[in-house]
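> Here's my sequence, what's the structure:
(2 chains)
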Protein chains: 2
Amino acid sequence: MKERILSEAERQFWKYGVRSVTMEDIARQLGISKKTIYQHFTDKEDILYQVLQERINEDHLEMDCMANEAHNPIEELLLVLDMMRKKQQQVSPNLLIDIKRHYPQAFALFRQHMDQHIMKSILENIQRGISQGWYRKDINATILARMRVEQIELAFNNDFFPATQYTMFDIQHELIHHFVRGMLTEEGFRFYNQLVNTRNHESKEYQPDSVGLPTHATE
Amino acid sequence: MKERILSEAERQFWKYGVRSVTMEDIARQLGISKKTIYQHFTDKEDILYQVLQERINEDHLEMDCMANEAHNPIEELLLVLDMMRKKQQQVSPNLLIDIKRHYPQAFALFRQHMDQHIMKSILENIQRGISQGWYRKDINATILARMRVEQIELAFNNDFFPATQYTMFDIQHELIHHFVRGMLTEEGFRFYNQLVNTRNHESKEYQPDSVGLPTHATE
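Numbers count the residues shown, from 1 in each chain, chains lettered A, B, ... in the order given. The predicted structure follows:
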């Protein structure tokens, strides 16, 4: 039952934001009583916290798989974008703003995830990119990784990017492609262009195996 | 007298942040009494507000001149960086955080400046860059301009970029160069590389006139 409650709560939070979803809404959709929910959770923030915790654990795993699956750091970032496209299509623009303003413990969990796991993952991506010759040697990996981490949160900001004008994916797409391009060497650029062309020609999901690799890539 | 108070307050705010500077500190340095300051200003936030207002007016003028002086949009962004180097060397890492947390009216003035004048200036830069062929046609000017505006504020964030590790200029340098590179076409890249090499060879201040222009630049 606990898993069903978490799963339904996640669906509603992602779709409508946290504030506008009540315990009653979750209970009604599952055909259970509010009392049943309170047997498993102390309050809505407790549910939110556990939903986030699960989602973060899944993200850790998926990002590790992606780093493993990708042939090089450029491809890895574009695979992250694919993952975002799948997951964020349905995200309410209110979700992160709600959490930031009204659920401090859950927001702290999100920030910790960003500051630790996401920061580390981006930093390693940049360092690998530099050492393999895809990204320029004269960039400061720490400053750019921090900038990228903050961009992810920025994309959720409905004041800056009104949901009536852009989807979350439009913004992440624009920011990730700009982020990658700003780091590339000439060799990196050739590979990036090739990768983007291949992706544009594939109508469906992108398959890493279908892309030729430059000869010096030894991963 | 009012101008002298504003000028001394600006010097101390920029150097030490706003909170740690008292009316007494400003008066003492000018060899006047606090009473004299209160003849011109209601309180410290009033001084801060007027200092910011003056600085913003100067910035408007300088940025307009720069857009006029630069041969193309790439050069314009690097001239903005030069301006930042001159002005921000001495900025306390506490300045903007102080203002954001404790002086809401002054912070609103700063945000208004960012959201209107700076946003407009960056957006025009990107649009000119695209139409002249220096920046790619497939970028979304509004999303990238907003991202860049938020980067300027981000660079002031001492939590993310500890002042013990980086100067404000290191961060702005890294972010602006990455911002420009992420937008460039191949032709833009050739010009950018040429410009950066020229700037690196010049020991002192950069002179726009010393740079050769690609033949198609018609500005």
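> so where's chain A uncertain?
Filtered on pLDDT under 70, chain A yields the residue ranges A:88-89, A:202-219.
> Show me what from it comes close to chain B.
With the criterion set to C-beta under 8 Å from any C-beta of the partner chain, chain A comes near chain B through A:139-140, A:143-144, A:146-147, A:150-151, A:154, A:160-161, A:166, A:170-171, A:174-175, A:177-184. From N, CA and C alone the C-beta is placed, and that goes for glycine too.
> which ones among those residues are found in helices?
A:143-144, A:146-147, A:150-151, A:154, A:170-171, A:174-175, A:177-181 (DSSP state H).
> Of all pairs in those, which one is the farthest apart?
Among those, the pair separated by the greatest distance (C-beta to C-beta) is A:Ile143 and A:Asp170, at 25.7 Å.
> Among those two, which residue is more densely surrounded?
Neighbours around A:Ile143 and A:Asp170, counted as other C-beta atoms under 10 Å in any protein chain shown, are more numerous at A:Ile143. The numbers are 22 against 14.
> Pick out the residue nearest the middle of chain A.
A:Met84 (5.2 Å; C-alpha atoms, centre = their mean).
> Contacts only, for it.
Taking C-beta atoms under 8 Å, 6 or more residues apart in numbering or on different chains as the criterion, A:Met84 is in contact with A:168-169, A:172.
> how about a cut-off of 10 Å?
Contact criterion C-beta atoms under 10 Å, 6 or more residues apart in numbering or on different chains gives A:91, A:152, A:155, A:168-169, A:171-173, A:176 as the residues in contact with A:Met84.
> Next, count neighbours for the closest residue to A:Met114 other than its chain neighbours.
Setting aside the residues directly before and after it, A:Met114 is nearest to A:Val149 in space (C-beta to C-beta, 6 or more residues apart in numbering or on different chains), at 5.4 Å. Using other C-beta under 10 Å, A:Val149 has 19 neighbouring residues.
> tell me the contacts of A:Val149?
Under the criterion of C-beta under 10 Å, 6+ apart, the contact partners of A:Val149 comprise A:111, A:114-115, A:118-119, A:121-123, B:160.
> buried subset of those residues?
Burial by neighbour count, 16 or more other C-beta atoms under 10 Å in any protein chain shown: within the contacts of A:Val149 this picks out A:114, A:118-119, A:121-123, B:160.
> Look up the closest residue to the residue in chain A that chain B sits nearest to, ignoring the ones flanking it.
Going by C-beta to the nearest C-beta, chain B is nearest to A:Gly182 of chain A, at 3.3 Å. Beyond its immediate neighbours in the sequence, the residue positioned closest to A:Gly182 (C-beta to C-beta, 6+ apart) is B:Gly182, lying 3.3 Å away.
> from memory that neighbour sits against A:Leu184, does it?
Yes: under the criterion of C-beta atoms under 10 Å, B:Gly182 lies in contact with A:Leu184, with a separation of 9.0 Å.
> Just the buried positions in the longest helix along chain A, please.
Within chain A, and with DSSP H defining each element, the longest helix by residue count is helix A:44-69. Within helix A:44-69, the residues that count as buried by 16+ other C-beta under 10 Å are A:44-45, A:47-52, A:55-56, A:59, A:63, A:66-67.
> Can you name every helix or strand that it contacts?
helix A:2-16, helix A:23-30, helix A:34-40, helix A:73-88, helix A:95-102, helix A:104-113, helix A:119-131 (3 or more C-beta pairs under 10 Å, 6 or more residues apart in numbering or on different chains; DSSP states H and E).
> Which residues outside stretch A:163-177 are in contact with it?
Contact with stretch A:163-177 is made by A:77-78, A:80-81, A:84-96, A:148, A:151-152, A:154-158, A:160-161, A:192, A:196, B:136, B:138-144, B:146-147, B:182, as judged by C-beta under 10 Å, 6+ apart.
> Provide a PyMOL selection command restricted to the buried entries of those.
When burial is assessed using 16+ other C-beta under 10 Å, the buried subset of these is captured in PyMOL by this command:
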select buried, (chain A and resi 77+78+80+81+84+87+88+91+92+93+94+95+96+148+151+152+154+155+156+157+158+160+161+192+196) or (chain B and resi 136+139+140+141+142+143+144+146+147+182)
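> quick one: contacts for the nearest residue to A:Tyr103 once chain neighbours are set aside?
Of all residues not flanking A:Tyr103 in the chain, A:Glu45 sits nearest, at 5.1 Å (C-beta to C-beta, 6+ apart). With contacts defined as C-beta under 10 Å, 6+ apart, the neighbours of A:Glu45 are A:18, A:99, A:102-106.
> A:Gln151 and B:His178 touch, don't they?
No: with contact defined as C-beta under 10 Å, A:Gln151 does not reach B:His178; the gap is 11.4 Å.
> could I get the buried residues of helix A:44-69 as a markdown table with distance to A:Asn200?
Below are the buried residues of helix A:44-69 laid out as a markdown table (distance: C-beta to C-beta, whole Å):
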| residue | distance to A:Asn200 |
| --- | --- |
| A:Lys44 | 43 |
| A:Glu45 | 43 |
| A:Ile47 | 41 |
| A:Leu48 | 38 |
| A:Tyr49 | 40 |
| A:Gln50 | 40 |
| A:Val51 | 35 |
| A:Leu52 | 34 |
| A:Arg55 | 30 |
| A:Ile56 | 32 |
| A:Asp59 | 27 |
| A:Met63 | 24 |
| A:Met66 | 20 |
| A:Ala67 | 24 |
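> Fine by me, we can end here.
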